[in-house]
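[1] here are the coordinates; sequence isn't available:
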């Protein structure tokens, strides 16, 4: 009978360190995923690490993104709509005899 023991470690790291760690996990996963499609790896530990990081990345909290407002940056008053080409669709339709 196997016993699954869950250990929770509380490590004091800054938000910046957490985001950097998650970024490195994501970079490794993208790179490994891409390269593994091109060549065959014989390193089993890399595959195990890839699978572990893939699941770990899903469990890590999402980064806090700063919401920005682009309303002040976009000036719709100066938007210009211009017609480049006009086509008579009736001429393209087959004629009924």
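    Okay, I see it. Predicted model, so just to flag it, every value in this text is computed and none were measured.

[2] C-alpha only now, for contacts and for neighbours.
    OK.

[3] State which helix of this protein is the longest.
    Taking DSSP state H as the criterion, the chain has its longest helix at helix 15-38.

[4] so residue 94, which of the three states?
    coil (DSSP: H, G, I helix; E, B strand; the rest coil).

[5] Number of residues surrounding it?
    A count of nearby residues for residue 94, using other C-alpha atoms under 10 Å, gives 7.

[6] cool, and residue 25?
    19.

[7] got it, and the one 10 residues further on?
    Here the number of neighbours of residue 35 (other C-alpha under 10 Å) works out to 12.

[8] Kindly provide the distance from it to residue 96.
    58 Å (C-alpha to C-alpha, to the nearest Å).

[9] ok, back up a step: so what angle separates the directions of the next helix or strand after the longest helix of the chain and helix 15-38?
    Downstream of helix 15-38, the first helix or strand assigned by DSSP states H and E is helix 44-59. Here helix 44-59 points in a direction 130 degrees away from that of helix 15-38 (axes from the mean of the first three to the mean of the last three C-alpha atoms, to 10 degrees).

[10] Can you spell out which helices and strands pack onto helix 44-59?
    Packed against helix 44-59 by the contact rule (3 or more C-alpha pairs under 8 Å, 6 or more residues apart in numbering; DSSP states H and E) you find helix 15-38.

[11] what's next to the helix it packs on, contact-wise?
    With C-alpha atoms under 8 Å, 6 or more residues apart in numbering as the test, helix 15-38 has contacts from 50, 53, 54, 57, 60, 63.

[12] run the last query once more with 10 Å
    12, 14, 41, 46-47, 49-54, 56-57, 60-64 (C-alpha atoms under 10 Å, 6 or more residues apart in numbering).

[13] So which bits of it are buried?
    19, 22, 25, 26, 28, 29, 32 (16 or more other C-alpha atoms under 10 Å).

[14] Name the member of those with the shortest distance to residue 72.
    residue 19 (29.4 Å; C-alpha to C-alpha).

[15] Distance-wise, check the closest one relative to residue 29.
    Taking C-alpha to C-alpha, one finds residue 19 at 15 Å from residue 29.

[16] Over to residue 55?
    11 Å.
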